[in-house]
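> A predicted structure for the sequence below; I have some questions about it.
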Amino acid sequence: MASIRRRGKTWFAEVYKNGDRDAKSHRTKAEAAAWALQREAELTGKKLPEKSLKEALERYAREVATTRPGERWETLRCASLARMAIAKRRIGELDASHLAEWRDERLRSVSAATVRREIAFLRSVFDVARREWRWMRINPLDDVRRPPAPPSRKRRVPAAEVDRVTMALGYDGGIPENASQRVALSFLFALETAMRSGEIVGLTWSNVSAKSVRLPKTKNGDDREVPLSRRAREILGLLPRDGETVFGLNHALRDALFRKARDRAEVENLHFHDSRAEAIWRLSKKLDVMELARMIGHRDLRSLMIYYQTTADELADQLD
């Protein structure tokens, strides 16, 4: 049922259907009546709103991404996808053929892993637009095949490469004097703790205790306490407590300085995140799978079994 009434110099239209309520002010009574008629049709499911995928991405960035642990990355992904040609289409008219064409075009310029992440993200946007906003009736990605998953990355980080990168960052021990040296210490800290880059950059002194650090907001949404090795404690002891965050870095600065140092050191195919996998490999020699899962925040123990692969010769040594 629509209600239209005058408010000063404008006309106020209010619609209430099936428990949903919406309202908007208009310049004229005719505009208010036309809007109310269209909005009633939308709320009853007879007509979808004239909204583009770009508008959905912008609304998702404002209302949904800001409530999630990965807010920064989801907001950036919304902005990136909103610039693509497919974002101009009406979201309610998108079907599997449109998304399959977009997928194939993306695969010509980015990796399959990137496309898989973008598909997963768009699926979330479509689900919200369908269930909560009533901007579409189906999720068109339900009938779109994802690219095959690439082989899992198994990049080890040998000590020689660690030394070359830290030297390229200008660090050879002692108290850090600049941002590059703090990046070097953050890399060494990651190798000791298996903490993610975002967790390290966001670590505050208020969450550091004598032998552990507390992560109140992790990737999976849980709190986590990370025990610190002697070397990890030594690294923290070198950092001045002159700010809120421990390492005094942000994501962009950490990323830029690390990449430049890696290239100067002529270390190929090394990402900062490889430090997490390397740390897990090392920790698997000291902790059982349950202890390791608790420390690094993994819920699926099967995903950790790759780090416990032992050769027959190594097992034979244990039997002696």
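Nice, I can see it.

> now do the helices in this protein.
29-43, 53-63, 71-82, 96-107, 112-131, 159-168, 179-193, 197-201, 230-238, 251-264, 274-283, 289-296, 312-319 (DSSP state H).

> could you export the ones you listed as a markdown table, including mean neighbour count?
Backbone N, C-alpha and C define where each C-beta goes, glycine included. Shown next, in a markdown table, are those (neighbours: other C-beta atoms under 10 Å):
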| stretch | mean neighbour count |
| --- | --- |
| helix 29-43 | 17 |
| helix 53-63 | 20 |
| helix 71-82 | 17 |
| helix 96-107 | 16 |
| helix 112-131 | 17 |
| helix 159-168 | 16 |
| helix 179-193 | 23 |
| helix 197-201 | 21 |
| helix 230-238 | 14 |
| helix 251-264 | 16 |
| helix 274-283 | 20 |
| helix 289-296 | 16 |
| helix 312-319 | 8 |
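
> quick one: which of those is nearest P147?
helix 112-131 (3.9 Å; C-beta to C-beta).

> tell me what angle the closest one forms with helix 53-63.
80 degrees (axes from the mean of the first three to the mean of the last three C-alpha atoms, to 10 degrees).

> please name the residues that touch K211.
By C-beta atoms under 8 Å, 6 or more residues apart in numbering, the contact set of K211 is 227-228, 233.

> make a markdown table from the helices of the chain and add distance to I138 and mean pLDDT to it.
Formatted as a markdown table, the helices of the chain follow (distance: least, C-beta to C-beta, whole Å; pLDDT from 0 to 100):
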| stretch | distance to I138 | mean pLDDT |
| --- | --- | --- |
| helix 29-43 | 16 | 74 |
| helix 53-63 | 14 | 95 |
| helix 71-82 | 19 | 91 |
| helix 96-107 | 9 | 94 |
| helix 112-131 | 7 | 93 |
| helix 159-168 | 48 | 96 |
| helix 179-193 | 42 | 96 |
| helix 197-201 | 34 | 91 |
| helix 230-238 | 49 | 95 |
| helix 251-264 | 36 | 94 |
| helix 274-283 | 38 | 91 |
| helix 289-296 | 38 | 84 |
| helix 312-319 | 52 | 69 |
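
> in TSV, list these along with distance to M305.
Shown next, in TSV, are the helices of the chain (distance: least, C-beta to C-beta, whole Å):
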stretch	distance to M305
helix 29-43	50
helix 53-63	36
helix 71-82	28
helix 96-107	31
helix 112-131	21
helix 159-168	25
helix 179-193	21
helix 197-201	23
helix 230-238	25
helix 251-264	30
helix 274-283	11
helix 289-296	7
helix 312-319	15
